[in-house]
Structures are given as C-alpha cells and as structure tokens.
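1. pasting the sequence and the predicted model now:
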Amino acid sequence: MKIKTSGYDYGECEICNTHLQEKCIKQDFWIRGGLVIVEDVPAGVCPQCGEKVVKSEVGLLITKLIDNAEKIEKAPKISVPAIKFEM
Ligand SMILES: [Zn+2]
C-alpha cells in the first residue's frame, strides 16, 4: 500500500510548538529481542527538538509490518555497532 506523503498537516510539536515538517524517517523496533528498522516511514518531524509524530493509520500499518515474521526474515540485514556502557 502506498501512502501519500505530501499535503498532510501534522500541526505543531507538542513539546516546543514548532510546526512539524513531513519527512520519511527510519523507525527502529525491538521485536522478540531483535532490532528491526522500518524505512521510509512518513512522519511529522520537529525541526527544533527532533520529536516525531506518525499518523494513526501509519502506526497501524507499521504494527502489521512488524508482525509479519516472514517479511522480517526475508528483509535485507544490516549490522549495527553495539557498544557497552562505561562509567
Ligand atoms: Zn519540537
């Protein structure tokens, strides 16, 4: 399903009241102990503080996507740095 990414007004940022700009973002989710990244998610992003807002319909589609174990299994894998916290 293709979601129209332009023309939606996300309104103001709840934190700093800056007008949100629509961008395609990457969102990361921990699912069953594994990190899954969903790319090209249309979201309202605050240019001031970085707060991100997704439409409820987009949120629902993401929930469906990350519930699809087969799709996740077939997705290209990337490796990410994992560092330990140090005092
Ligand atoms: Zn903000």
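-> Looks like it arrived, so ask away.

2. where's the residue most central in space within the chain relative to Phe85, distance?
-> Closest to where the C-alpha atoms of the chain average out (CA atoms, centre = their mean) is Gln27, at 2.8 Å. To Phe85, Gln27 is 23 Å away according to CB to CB, to the nearest Å. For the C-beta atoms, the positions are set from N, CA and C on the backbone; glycine is no exception.

3. swap in Asn17?
-> Taken as CB to CB, the span from Asn17 to Phe85 is 34 Å.

4. and these two? which has more neighbours close in?
-> Neighbours per residue, other CB atoms under 10 Å: of Asn17 and Phe85, the larger number sits with Asn17, 11 against 4.

5. now do Pro81: how many residues are near it, please.
-> 4.

6. cool, Cys46 as well?
-> 20.

7. make 50 the first number, not 1, from now on.
-> From this message on, residue numbering opens at 50, which makes the last subject Cys95.

8. pLDDT score for it?
-> As summarised for this prediction, Cys95 has a pLDDT of 98.

9. residue contacts, it?
-> By CB atoms under 8 Å, 6 or more residues apart in numbering, Cys95 lies in contact with 62, 64-65, 67, 69-70, 101.

10. those: which ones sit near the ion?
-> 62, 64-65, 67 (CB under 5 Å from the ion).

11. before we move on, the earlier item: where does the residue nearest to the centre of the chain land in three-state SS?
-> strand (DSSP: H, G, I helix; E, B strand; the rest coil).

12. where does the chain have low pLDDT?
-> 50-55 (pLDDT under 70).

13. please, where are all the helices along it?
-> Secondary structure of the chain by DSSP state H: the helices cover 105-115, 118-123.

14. for these, which one sits closest to the ion?
-> Set against the ion and scored by CB to the ion, the helices of the chain come closest in helix 105-115, at 18.9 Å.

15. keeping just the C-alphas, turn that closest one into CSV.
-> What follows is helix 105-115 as a C-alpha-only set of coordinates in CSV (Å, rounded to 0.1, in the frame of the first residue of the first chain):
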residue,chain,number,x,y,z
SER,A,105,-2.5,6.6,13.4
GLU,A,106,-3.0,4.9,10.1
VAL,A,107,0.7,4.8,9.5
GLY,A,108,1.1,3.4,13.1
LEU,A,109,-1.3,0.6,12.3
LEU,A,110,0.5,-0.3,9.1
ILE,A,111,3.8,-0.4,11.0
THR,A,112,2.2,-2.7,13.5
LYS,A,113,1.1,-5.0,10.7
LEU,A,114,4.5,-4.9,9.1
ILE,A,115,6.5,-5.7,12.2
